[in-house]
Every structure is written in structure tokens, then in C-alpha cells.
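Peer 1: fold the following, please.
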Amino acid sequence: MTAILSGAEKAWLVERATKIIDKVGHMRNQASQLRNMMQVAGEESEISVLINYLNYQAARQATRRFWEKIHGDVRQTLEEANQRFGEDTRQAAVQHLFGYMVRHYTYLTELVNRQSYGGGHKYQGQSKRKGGQR
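Peer 2: Residues are numbered from 1 along each chain as shown. Next comes the predicted model:
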């Protein structure tokens, strides 16, 4: 049986996911890192195990640059989720969190791609012109 989260719970998760991913912006080719974390969250509901995996990813040289930007915020959010959600909804909540992170990361990546290829919206007023000037 799948746990059902309330609208308020989902809104909290979306807000946290968005704030976290805004810190890494559009680092290229990192969606797989988030998907891997989402997969682990689907297999494990214990927050301590998820934090252990997060720490491992942050320590690996291949993934350190990405995770060091958001490690503290993800860890804090997982700890808050541990307090906020009961045993029956915790795993679903954490899976949703990482799913929302993947979605927002994809959104930011697509915005940057559109900018790079001559169109679309600007994210946070950034410009791709030489020297960053508008």
C-alpha cells in the first residue's frame, strides 16, 4: 500500500527541494546523482542509512563537487523529515523529496540549454553574453 501525503506535506517537500537545487543551479550531468539517491530512498526508509549514503557520495571524488554544495541542506531536510513524518509516510516523503529535486534540476538545466541556444527565459537574471553583461 502506498502512503498518501497531504497537500501541505507535498508543498513543504517541493519548497525544500527547490531551495536545495537552486544552490547547485545547472551543474551539468548531475541528474543521475539525484536519481541514485531517489532509488536508495525507495529501498530504505531509515534516515540514518540515507544520511550514510549521502555522506558517502559527498566524500567520493567523482561526486564531491556536486554534493558538497547541498550536503548540509539535504542532511538537514532528511533529519526534519524524520521528525515530521511518521514511519508509515517517511519513505514516501523522502522519495517525493528526491523526485522533486530531480524535476527542479531538470527544469534549471533546460532553462540554461534554451539560453545557450538562443531563446527562452533567463534564470535569476543571468546572461550568457560574453563577460556576463546584459
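Peer 1: counting contacts, what elements does the biggest helix by length in the chain pack onto?
Peer 2: Longest helix in the chain by number of residues, with DSSP state H as the criterion: helix 90-116. On a contact count with 3 or more C-beta pairs under 8 Å, 6 or more residues apart in numbering; DSSP states H and E, helix 90-116 meets helix 7-22, helix 31-43, helix 47-59, helix 64-84. For the C-beta atoms, the positions are set from N, CA and C on the backbone; glycine is no exception.
Peer 1: if you set the cut-off to 7 Å instead, what comes out?
Peer 2: With contacts defined as 3 or more C-beta pairs under 7 Å, 6 or more residues apart in numbering; DSSP states H and E, helix 90-116 has these neighbours: helix 7-22, helix 31-43, helix 64-84.
Peer 1: need the ones you listed in JSON lines (columns: distance to residue 52).
Peer 2: As requested, these are exported to JSON lines (distance: least, C-beta to C-beta, whole Å):
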{"stretch": "helix 7-22", "distance to residue 52": "19"}
{"stretch": "helix 31-43", "distance to residue 52": "10"}
{"stretch": "helix 64-84", "distance to residue 52": "11"}
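Peer 1: tell me which residue is most central in the chain.
Peer 2: residue 101 (3.1 Å; C-alpha atoms, centre = their mean).
Peer 1: check it and give its pLDDT.
Peer 2: At residue 101, the pLDDT value in this model is 95.
Peer 1: how about the contacts made by the nearest residue to it once chain neighbours are set aside?
Peer 2: Distance criterion C-beta to C-beta, 6 or more residues apart in numbering; nearest residue to residue 101, sequence neighbours excluded, is residue 17 at 4.4 Å. Contacts for residue 17 (C-beta atoms under 7 Å, 6 or more residues apart in numbering) come out as 97, 100, 101, 104.
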